[in-house]
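*Asks:* give the three-dimensional model of this entry:
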Amino acid sequence: MTQRFGSLESLSNGQPRKKHSVGLLRRTGGALAVGAMLSPLVACNAAPDEEEQFTLSLADWIPPSHVFSVDGAEHFMESVEERSDGAITFGHYPAEQLGAAAELPGLLESGATDITSIGPAYLPSDYPLTSVSNLPGLGGESCHVSAAIMELLSPGGSLYEREFEPKGLRPLFVTISTRYEVFTRNEQVRVPNDLQGLQLRSGGGAQDRAVRELGAAPVAMTASEMYEAIQRGTVDGTAVNAISVLPYNLQEVVDYGTIGAPMGNFTAIYTMRNDAFEELPEDLQEIVLESAAEANQNVCEAIERENEEANEILLEEGTELYELTHDELAEWLERVEPAVSQWVEDLDGADILEEYEAALEAHE
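*Replies:* Purely as a prediction, here's the structure:
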């Protein structure tokens with residue numbers, strides 16, 4: 001269980017903190033100005049005996065109603081603000097307000113924001129090995145996968161050292177979907193052969209490989225593009241989890257869905273610039289890390305709970321869901337296995353896959 005600070009007043013000795021700004025927000029004379037990028041941190045007219053205050057910007061591409069946001073990002077921010085007694089506050093820019101999903105990591109590295117969510121599937125050339133958590137046929141429920149992948153993403157972990165630390169980034173917590181399913185508009189899918197010849201939206205990266213092995217043509221696009229692509233017939237359906245169908249209103253444009261297809265998970269990693277993290281005093285750093293660990297557990301539990309609820313809502317609204325039989329699942333697993341082998345070969349990723357599988361086993 002995450003340990004909370006017993007007395008937050010002791011962190012500031014009862015004194016107000018000086019106000020600092022990070023990324024996109026700064027406070028000057030009590031007013032909030034957007035667009036000022038300050039690095040390093042700058043004190044704003046603080047009295048000598050005041051202690052520091054910080055405003056962090058968090059930008060992501062996720063709708064505010066999505067469980068990733070409500071139980072992940074928002075829970076994290078509220079926890080940090082409460083634990084720090086207001087020493088850290090946030091400016092939140094959800095739903096691509098500052099940029100598309102593929103653009104936000106670049107904004108993070110440039111210092112335009114302090115924290116963002118990184119989807120390795122959207123950036124396969126920048127985070128190729130981190131997509132191990134998206135491979136089909138591996139892992140299970142959200143909490144199982146998130147605990148395992150955080151071992152590799154934390155300082156000292158192989159993914160941290162190879163794909164995040166060199167960019168000056170520090171993963172804080174992950175939001176990982178339950179297994180992706182296949183949702184289609186006109187064609188019901190039960191076995192892999194039903195996908196033959198279909199155009200299927202894919203999140204990119206490792207999922208593209210799985211879609212090809214199943215006989216469909218992957219069309220890479222972000223979640224926000226799914227609705228229009230299905231509505232216009234650009235794609236025949238999408239690989240996505242049930243809890244993401246409702247926030248994007250996909251129930252209006254799909255007719256069928258699967259339950260139990262081993263299409264892998266989708267991972268979004270809430271990540272902070274290391275220099276912004278290091279600018280915080282040690283007590284506030286500890287609060288950020290404790291709140292991140294709490295958010296990691298809170299969001300995965302919410303994802304698992306809400307996935308079941310989402311299936312019930314979809315059935316009520318007329319989406320026909322088909323649950324794979326044991327034999328059908330075995331057929332799907334056999335078909336997607338080459339996608340994993342090809343991932344290992346292309347990326348020389350045998351050591352990462354072995355480490356990830358060991359972490360999955362440890363957290364069963």
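*Asks:* quick one: low-confidence residue ranges for this structure.
*Replies:* In the predicted model, the chain carries pLDDT under 70 at residues 1-50.
*Asks:* which residues of it fall in helices?
*Replies:* Using DSSP state H, the helices assigned to the chain run over residues 9-12, 67, 74-83, 104-110, 142-153, 158-159, 206-213, 226-232, 242-245, 274-279, 282-316, 326-347, 350-362.
*Asks:* make JSON lines out of these and add distance to residue 173 and mean neighbour count.
*Replies:* Placement of C-beta: from N, CA and C, glycine included. Below are the helices of the chain laid out as JSON lines (distance: least, C-beta to C-beta, whole Å; neighbours: other C-beta atoms under 10 Å):
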{"stretch": "helix 9-12", "distance to residue 173": "22", "mean neighbour count": "15"}
{"stretch": "helix 67", "distance to residue 173": "14", "mean neighbour count": "24"}
{"stretch": "helix 74-83", "distance to residue 173": "7", "mean neighbour count": "20"}
{"stretch": "helix 104-110", "distance to residue 173": "15", "mean neighbour count": "19"}
{"stretch": "helix 142-153", "distance to residue 173": "7", "mean neighbour count": "23"}
{"stretch": "helix 158-159", "distance to residue 173": "14", "mean neighbour count": "20"}
{"stretch": "helix 206-213", "distance to residue 173": "21", "mean neighbour count": "24"}
{"stretch": "helix 226-232", "distance to residue 173": "25", "mean neighbour count": "17"}
{"stretch": "helix 242-245", "distance to residue 173": "18", "mean neighbour count": "26"}
{"stretch": "helix 274-279", "distance to residue 173": "13", "mean neighbour count": "18"}
{"stretch": "helix 282-316", "distance to residue 173": "4", "mean neighbour count": "18"}
{"stretch": "helix 326-347", "distance to residue 173": "24", "mean neighbour count": "15"}
{"stretch": "helix 350-362", "distance to residue 173": "16", "mean neighbour count": "15"}
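*Asks:* out of those helices, which comes closest to residue 174?
*Replies:* helix 142-153 (4.9 Å; C-beta to C-beta).
*Asks:* same for the closest one, what does it pack against?
*Replies:* For helix 142-153, the contact count by 3 or more C-beta pairs under 8 Å, 6 or more residues apart in numbering; DSSP states H and E identifies helix 158-159, strand 169-176, strand 267-273, helix 282-316, helix 350-362 as packing neighbours.
*Asks:* and the second one, what other elements does it pack with?
*Replies:* Where contact means 3+ C-beta pairs under 8 Å, 6+ apart, strand 169-176 is packed against strand 115-118, helix 142-153, strand 267-273, helix 274-279, helix 282-316.
*Asks:* now distance to residue 135 too, for the helices and strands packed on helix 142-153, in JSON lines please.
*Replies:* Putting the helices and strands packed on helix 142-153 into JSON lines (distance: least, C-beta to C-beta, whole Å) gives the following:
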{"stretch": "helix 158-159", "distance to residue 135": "14"}
{"stretch": "strand 169-176", "distance to residue 135": "13"}
{"stretch": "strand 267-273", "distance to residue 135": "11"}
{"stretch": "helix 282-316", "distance to residue 135": "18"}
{"stretch": "helix 350-362", "distance to residue 135": "8"}
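*Asks:* can you tell which of these is closest to residue 101?
*Replies:* Comparing the helices and strands packed on helix 142-153 under C-beta to C-beta, the one sitting nearest is strand 267-273, at 8.6 Å.
*Asks:* list the buried ones in the closest one?
*Replies:* For strand 267-273, the neighbour count (16 or more other C-beta atoms under 10 Å) marks 267-273 as buried.
*Asks:* circling back: turn the helices and strands packed on strand 169-176 into CSV, columns for distance to residue 164.
*Replies:* Written out in CSV, the entries for the helices and strands packed on strand 169-176 read as follows (distance: least, C-beta to C-beta, whole Å):
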stretch, distance to residue 164
strand 115-118, 9
helix 142-153, 7
strand 267-273, 7
helix 274-279, 9
helix 282-316, 14
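*Asks:* count the residues that sit near the closest residue to residue 155 other than its chain neighbours.
*Replies:* The shortest distance from residue 155 to any residue other than its chain neighbours is 7.2 Å, reached at residue 170 (C-beta to C-beta, 6 or more residues apart in numbering). Applying other C-beta atoms under 10 Å, we find 23 residues neighbouring residue 170.
*Asks:* and residue 102, by the same measure?
*Replies:* Look at residue 102: counted by other C-beta under 10 Å, it has 15 neighbours.
*Asks:* now do the contacts for the closest residue to it other than its chain neighbours.
*Replies:* Using C-beta to C-beta, 6+ apart and skipping the chain neighbours, the partner closest in space to residue 102 is residue 122 (4.8 Å). The contact partners of residue 122, by C-beta atoms under 8 Å, 6 or more residues apart in numbering, come to 101-102, 203-205, 222.
*Asks:* ok, residue 211 next?
*Replies:* Shown in contact with residue 211 (C-beta under 8 Å, 6+ apart): 195, 200, 202, 217-218, 239.
*Asks:* are any of those residues buried, and which?
*Replies:* Burial by neighbour count, 16+ other C-beta under 10 Å: within these this picks out 195, 200, 202, 218, 239.
*Asks:* how about the residues you listed, which pair is most distant?
*Replies:* When the buried ones among the contacts of residue 211 are compared pair by pair using C-beta to C-beta, the two farthest from each other are 195 and 202, 11.7 Å apart.
*Asks:* go through the helices of the chain and name the closest to residue 92.
*Replies:* When the helices of the chain are compared for distance to residue 92 using C-beta to C-beta, the nearest one is helix 74-83, at 6.5 Å.
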